[in-house]
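> Next one to model:
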Amino acid sequence: MGVGDGYRRRPRIEQNLWADHRGWLEMRPSTKSPPVRVTAAIIRRSGAVLLARRPPGVHLEGRWEFPGGKIEPGETPQDCLARELREELGVSATIGAFLGASRYRYLETDRDIELLAFEAELGPGELQLLSHDALVWVAPAELLDFELAPADIPIAERLVGTDRVADPEP
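Predicted structure coming up:
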């Protein structure tokens, strides 16, 4: 299908590109400060992947994300992810293989983030909503049907089979 025939693809968000409300892509320079490094847990159970919804009153409220959070000074990505899962979900976890990274510039905060995704296996205990307002187990093929946080989209695409995630070591 060509331009103007009524077909609109979902905008592809790349490292230094952003999409405005019309879906137009524009180059944006990176910020001068280094990116904020954050982690994401890819937690699987019975073939499904865990997503968490950001609560009202926070940046990206209502968007779905892979659980995780900001790496603190002196902390490894794996230690960060284990800590964040305790804080957000109230459970221990074993952090596994590095799956990939995505980078996204949030215009609202004028910051680049680098999202590092790892496999994670939950320890015993029930999941708790300590930082989110909902949790859902999703078949990988359905991940892109959810309104995901933009930095999580390339990770979800990789899980679905569309590999656009950079593979640098964390």
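> From here on, just use CA atoms for contacts and neighbour counts.
Fine.
> Report the separation between the most centrally placed residue in the chain and Pro73.
Nearest residue to the geometric centre of the chain (Cα atoms, centre = their mean): Asp152, 2.6 Å. The gap separating Asp152 from Pro73 is 23 Å, by Cα to Cα, to the nearest Å.
> Select the longest strand from the protein.
Counting by DSSP state E, the longest strand found in the chain is strand 93-106.
> Which secondary structure elements does it sit against?
helix 77-89, strand 111-122, helix 153-160 (3 or more Cα pairs under 8 Å, 6 or more residues apart in numbering; DSSP states H and E).
> what about the first one, distance to the chain center?
To tie it back to what came earlier, the one meant is helix 77-89. 14 Å (Cα atoms, centre = their mean, to the nearest Å).
> list the helices and strands that helix packs on?
strand 36-45, strand 93-106.
> Kindly report the same for the shortest one.
On a contact count with 3+ Cα pairs under 8 Å, 6+ apart, helix 153-160 meets strand 93-106.
> For the strand it packs on, what is the distance to the chain centroid?
Going by Cα atoms, centre = their mean, where strand 93-106 is centred and where its chain is centred differ by 8 Å.
> between it and helix 153-160, how many degrees?
Angle of strand 93-106 versus helix 153-160, following axes from the mean of the first three to the mean of the last three Cα atoms, to 10 degrees, is 130 degrees.
> Just the buried residues of strand 93-106, please?
Ala93, Ile95, Phe98, Leu99, Gly100, Ala101, Ser102, Arg103, Tyr104, Arg105 (16 or more other Cα atoms under 10 Å).
> can you check stretch 150-162 too?
Pro150, Ala151, Asp152, Ile153, Pro154, Ile155, Ala156, Glu157, Leu159.
> Neighbours of the closest residue to the third one other than its chain neighbours, how many?
Which is Asp152. The shortest distance from Asp152 to any non-neighbouring residue, by Cα to Cα, 6 or more residues apart in numbering, is to Glu65 (6.2 Å). By other Cα atoms under 10 Å, 26 other residues sit near Glu65.
> So what pairs up with Glu65 in the strands?
Counting by DSSP bridges, Glu65 forms beta bridges with Ala52.
> now Pro140: how far from Asp79?
26 Å.
> between the two, who's got more neighbours?
Pro140 (18 against 15).
> Thought Val160 was touching the more buried one, still the case?
Yes: with contact taken as Cα atoms under 8 Å, Pro140 and Val160 are classed as touching, separated by 5.5 Å.
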